[in-house]
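[1] sequence plus the predicted model coming up.
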Amino acid sequence: MGRVGVLLLNLGGPEQLEDVRPFLFNLFSDPEIIRLPFPWLQKPLAWLISSSRAQKSQENYQQIGGGSPLRQITEEQANALQKSLEKKGVEANVYIGMRYWYPFTEEAIARIKRDGIEQLAILPLYPQFSISTSGSSFRLLEQLWLEDPTLNRIRYTAIPSWYSRPGYVQAMAELIAQELDQLPDPSDGHIFFSAHGVPVSYVQESGDPYQREIEHCTELIIKALNRANDYTLAYQSRVGPVEWLQPYTEDAIADLAARGIESLVVVPISFVSEHIETLQEIDIEYREIAEEAGIENFRRVPALNTHSGFIDDLADLTVEALAAPPRLLSEVVHPDKRMKMYPPERSAWGMTPFAEVWNGRLAMVGFLALLLELVSGRGPLHFVGLL
Ligand SMILES: C=CC1=C(C)c2cc3[nH]c(cc4nc(cc5[nH]c(cc1n2)c(C)c5CCC(=O)O)C(CCC(=O)O)=C4C)c(C)c3C=C
Ligand SMILES: [Fe+2]
């Protein structure tokens, strides 16, 4: 084996309150996050939404200490993974490539090049694949590879998702069991999986496997848990006016409370680190909703972070992936014709001079309307709830 590297892909998060607006701008500039029919609208809309969402988002980050813990936890996971690989006889450098904040994916690739890495495992820290998460990072890497042909010297393999790994499933089941056992009556606790949502169109129109993988993942965990407790799966953190995967977490909590459920064990299922949506949304907002609705015991399963069984399993996964035939980025970004990454196929009429002129005029009208909306606080985006 030549020099070995592992590239951990993650989302990134604002480290201090001043970072929130530029972080949101980066996030909303991603066409895999907001899919617009006109690419020229992406940056103006990202600017508008990030400017107007920043204050509310800053208040949320303020409630969890003024910034996201994601960078620190991901660094701890990288160190733990490096040590675990070492114990298995694999000397590897572990790199972190964030999609929307520091250390950016581009910086990680520059360091991988500088260090002369010859074999690379690309490992997203998202157990399940979504176009909006791992897909977006793979897409960026594909672009970097196209721009720099010297990267072709690296023999890499990309891991699309790994939610069915036995060590991960077992670690989740153990953490759930520990929380259930803290309840006055453990057999009575309702297990409530809360996954980050995505717009329904991702699944139904673009073929995102995310919902299928989430559902399968919860089934595997419930099987490994091997208890008779009832369970529910719901989706949290929706943004904007379109329909997201349902049931929504807040509605599902209210329904369970109305059915007389008194003990809830909430399991964040789509992410492996503590972050704003566990620490603020679940621990503060959903707890309040649940308690007001009559839930007496509300417990939340901690994120895996550096759980030793989990990290050990990631190390096994890395070793196995490096030994197997490589999976190219083109394979994981375009796995089959049913999944569509952005941009959608361009139709010929989009490039005609007529369309170009009208696109330009509409862009100016749209941009002025958006500016007016931002200044006055009134307009169609406020009306539909995107701002
Ligand atoms: C599997 C996990 C995630 C999916 C799927 C996902 C899709 C998705 N997210 C947004 C919009 C936002 N996400 C934000 C933060 C955020 N998202 C994830 C994970 C997934 N997102 C994480 C781990 C975080 C938190 C990072 C941190 O700082 O700790 C935010 C910013 C926070 C806020 O203002 O609410 C937005 C906005 C969309 C639109 C989307 C699917 C299309
Ligand atoms: Fe998100």
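    Happy to help now that I have it. Ligands and ions are numbered 1, 2, ... in the order given.
[2] how far off centre is the helix or strand hosting Glu219?
    When elements are assigned from DSSP states H and E, Glu219 belongs to helix 210-225. When distances are taken as CA atoms, centre = their mean, to the nearest Å, helix 210-225 is centred 17 Å away from the chain's centroid.
[3] same thing with stretch 311-328?
    Distance of stretch 311-328 from the chain centroid (CA atoms, centre = their mean) equals 21 Å.
[4] same question for stretch 284-296.
    Centroid separation for stretch 284-296 versus its chain: 25 Å, with CA atoms, centre = their mean.
[5] next: stretch 239-259.
    19 Å.
[6] and for stretch 134-153?
    Averaged C-alpha coordinates place stretch 134-153 at 19 Å from its chain's average position (CA atoms, centre = their mean).
[7] quick one: average pLDDT of it?
    Throughout stretch 134-153, pLDDT has a mean value of 97.
[8] and for it, what's in contact with it?
    Here stretch 134-153 makes contact (CB atoms under 8 Å, 6 or more residues apart in numbering) with 9, 30, 32-33, 97, 99, 105-106, 109, 113, 118, 122, 124, 126, 129, 158, 160-161, 208, 329-330, 332-333, 341-342. (C-beta placed from N, C-alpha, C; glycine too.)
[9] narrow those residues to those in helices?
    Members of the contacts of stretch 134-153 lying in helices (criterion: DSSP state H): 105-106, 109, 113, 329-330, 332-333.
[10] which SS class is Ser194?
    State at Ser194, reduced to three classes by DSSP: H, G, I helix; E, B strand; the rest coil: strand.
[11] and it, how many residues sit next to it?
    Neighbour count for Ser194, taken as other CB atoms under 10 Å: 27.
[12] same check, this time on Trp145
    Counted with other CB under 10 Å, Trp145 comes out at 18.
[13] ramachandran angles for it?
    phi -70, psi -40 (degrees, to the nearest 10).
[14] next: the one 3 residues further on.
    Listed backbone geometry of Asp148 is phi -130, psi 90, with angles given as degrees, to the nearest 10.
[15] burial count for it?
    So Asp148, with other CB under 10 Å, has 12 neighbours.
[16] do Asn93 as well
    If you count neighbours by other CB under 10 Å, Asn93 ends up with 17.
[17] where does it land in three-state SS?
    strand.
[18] beta partners for it?
    Listed by DSSP bridges, the beta-bridge partners for Asn93 are Gly5.
[19] show me what contacts the residue in the stretch 201-350 of the chain positioned nearest to ligand 1?
    At 3.1 Å from ligand 1, His275 is the closest residue in the stretch 201-350 of the chain, using CB to the nearest ligand atom. Shown here is His275, whose contacts under the criterion CB under 8 Å, 6+ apart are 13, 68-70, 303.
[20] contacting residues for Ala224?
    By CB under 8 Å, 6+ apart, the residues touching Ala224 are 169-170, 172-173.
[21] picking up where we left off before, with only the CA atoms kept, save the helix or strand just after the helix holding Glu219 in CSV.
    Sequence order places strand 231-236 as the next helix or strand after helix 210-225, per DSSP H and E. Taking C-alpha atoms only, strand 231-236 is exported to CSV below (Å, rounded to 0.1, in the frame of the first residue of the first chain):
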residue,chain,number,x,y,z
TYR,A,231,-41.5,3.3,17.5
THR,A,232,-42.2,6.2,15.1
LEU,A,233,-40.1,7.8,12.4
ALA,A,234,-40.5,11.5,11.7
TYR,A,235,-38.6,14.3,9.9
GLN,A,236,-37.3,17.6,11.3
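[22] tell me what angle the helix or strand following strand 231-236 forms with strand 231-236.
    Remark: after strand 231-236, the chain's next helix or strand is helix 249-258, criterion DSSP H and E. Put simply, helix 249-258 runs at 150 degrees to strand 231-236, going by axes from the mean of the first three to the mean of the last three CA atoms, to 10 degrees.
[23] in helix 249-258, what counts as buried?
    Buried residues in helix 249-258, defined by neighbour count with 16 or more other CB atoms under 10 Å: 249-250, 252-254, 256-257.
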